[in-house]
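K.L.:
kindly generate the corresponding structure for this input.
(one chain, ligands or ions: 2)
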Amino acid sequence: MDERKKRIFSGIQPSGELTLGSYMGAIRNWVALQEEYDGLYCIVDEHAITVRQDPALLRRRSVAQLAQYIACGLDPEKNIMFIQSHVPQHAELAWILGCYTQFGELSRMTQFKAKSAQHADNITAGLFTYPVLMAADILLYQADLVPVGEDQRQHVELTRDIAQRFNGLYSNTFTLPEAFIPKMGARIMSLDDPGAKMSKSAPEGCVNLMDPPEVILKKFKRAVTDCETAVKFDKANKPGVSNLLTIYCAATGKTIEAAEAEFAGQGYGVFKSAVGEAVVELLRPIREEAERIMGDKAYLESVYQAGAERARYLANKTLSKVQRKIGFVAR
Ligand code: ATP
Ligand code: LTN
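P.N.:
Ligands and ions are numbered 1, 2, ... in the order given. Here you go, the predicted model:
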């Protein structure tokens, strides 16, 4: 890695099929930033088990997710790509940072509140301390930038607070990271329920990166809109249409005004088909490439093994420093 470049860290849980939301909110910005920064991109399987996972599926999805990262354009030669559980320093630092995080801070996390409502029969300690593990992910690598969707802003803020607290107690140890949240596509909503975030653990209303064209077109045809006919961006009163406009613009690079003008007087049928077509064209090369890469298990394994080795080396530097500062006896 070129030490002069700034560092990026980001990750996605292998808890379901990657969605158009994770692509527009996160992955495509990773690709856009890869020339300018040194990137570490993680498949956060330890985060995924904060809610119950099927073991065989989790294993398959973790590898498929790596194939999809590469198919989206992330270059394994330019970035470190790895699986979180292959780098034990994440869990070790998370334990330590948990001792510098307040119960009250974690209680205020909106993702914890939402997930504990969704999984009321299984609210584990891991679900509660999830943001501490995320802080460990980021701080281990002294990351400067964390490209994520809007829903993760609060976790990155907490990471900064933990880092600042630790630095204040023990002198400068961690780089303070900043969230990078895109202007367009930071919060793609469900096609079924434009009041809810498109989310891979709620497959209804989701477009998946691996969906074939006919499935994508069908999903957009069925997307919830409203009982008017005007294609206008108005989040409060027309959340469904506004979400479709956002997706269309994020997929084509057009502005909202240009898209409104393009569909003026055309009705929702034409509009929804056009959004579906734009997404089909955006995702087609990704799906085809991911399918090809998935056929080469040896290549995928070589990428995640090499990634973990490089990540362990970097992670160890930070972890040893932390252990020394807090008073652990050197090994
Ligand atoms: P889960 O349903 O398991 O919580 P998810 O679909 O919400 O998963 P994450 O793994 O939490 O996805 O998120 C992966 C990345 O994609 C994060 O940076 C997140 O902010 C971003 N992201 C997820 N969903 C969306 C969305 N609907 N719009 C924009 N960005 C999103
Ligand atoms: N919590 C994130 C996934 C995640 C992450 C990270 C993102 C885990 N560790 C570190 C950025 C940096 C989510 O999307 N649910």
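K.L.:
and the closest residue to Lys78 other than its chain neighbours, what does it touch?
P.N.:
Closest residue to Lys78 in three dimensions, ignoring its sequence neighbours and counting by Cβ to Cβ, 6 or more residues apart in numbering: Gln34, at 5.3 Å. Glycine gets a C-beta too; all of them are placed from N, C-alpha and C. Going by Cβ atoms under 8 Å, 6 or more residues apart in numbering, Gln34 touches Gly73, Leu74, Asp75, Lys78, Asn79.
K.L.:
what about the first one, how many neighbours?
P.N.:
Other residues lying near Gly73 total 15 when counted by other Cβ atoms under 10 Å.
K.L.:
these two touch, right, it and Val31?
P.N.:
Yes - Gly73 lies in contact with Val31 (Cβ atoms under 8 Å); the separation is 4.1 Å.
K.L.:
got a pLDDT number for Met1?
P.N.:
At Met1, the pLDDT value in this model is 55.
K.L.:
ditto for Glu262
P.N.:
Per-residue pLDDT puts Glu262 at 97.
K.L.:
let me know the helix or strand that the residue nearest to it when sequence neighbours are not counted is in.
P.N.:
Spatial nearest neighbour of Glu262, excluding adjacent residues (Cβ to Cβ, 6+ apart): Lys254 at 7.5 Å. Lys254 is part of no helix or strand when elements are defined by DSSP states H and E.
K.L.:
how far away is Lys254 from Leu191?
P.N.:
Between Lys254 and Leu191 the computed distance is 20 Å (Cβ to Cβ, to the nearest Å).
K.L.:
Gln102 too?
P.N.:
With Cβ to Cβ as the criterion, Gln102 and Leu191 are 38 Å apart.
K.L.:
more neighbours, those two?
P.N.:
For the pair Gln102 and Leu191, the greater number of neighbours falls to Leu191 (25 against 12), based on other Cβ under 10 Å.
K.L.:
now the closest residue to Arg287 other than its chain neighbours, what's its secondary structure?
P.N.:
Spatially, and ignoring its direct neighbours in sequence, Arg287 is nearest to Met210 (5.5 Å; Cβ to Cβ, 6+ apart). Per DSSP: H, G, I helix; E, B strand; the rest coil, the secondary structure class of Met210 is coil.
K.L.:
for the host helix or strand of Leu300, buried residues please.
P.N.:
In this assignment (DSSP H and E), Leu300 forms part of helix 297-326. Across helix 297-326, burial judged by 16 or more other Cβ atoms under 10 Å covers 300, 303-304, 307-308, 310-311, 314-315, 318-319, 322-323.
K.L.:
related to what we said a few turns ago, would you check that the residue nearest to Glu262 makes contact with Thr246?
P.N.:
No - Lys254 lies out of contact with Thr246 (Cβ under 8 Å); the separation is 11.1 Å.
K.L.:
compare the two (neighbour count), which wins?
P.N.:
Legend: neighbour count by other Cβ under 10 Å for Lys254 and Thr246, higher for Thr246 (22 against 17).
K.L.:
what distance separates the helix or strand where that one lies from the centre of its chain?
P.N.:
Using DSSP H and E, Thr246 sits within helix 239-252. Here helix 239-252 shows a centroid-to-chain-centroid distance of 19 Å under the convention Cα atoms, centre = their mean, to the nearest Å.
K.L.:
kindly report the same for stretch 112-120.
P.N.:
With Cα atoms, centre = their mean, you get 19 Å for stretch 112-120.
K.L.:
can I get that stretch in CSV, CA atoms only?
P.N.:
What follows is stretch 112-120 as a C-alpha-only set of coordinates in CSV (Å, rounded to 0.1, in the frame of the first residue of the first chain):
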residue,chain,number,x,y,z
PHE,A,112,-30.4,-1.0,17.6
LYS,A,113,-33.9,0.3,18.3
ALA,A,114,-35.2,-0.8,14.9
LYS,A,115,-33.5,-4.2,14.9
SER,A,116,-34.5,-5.0,18.5
ALA,A,117,-38.1,-4.3,17.5
GLN,A,118,-37.8,-6.6,14.5
HIS,A,119,-36.2,-9.4,16.5
ALA,A,120,-38.0,-9.0,19.8
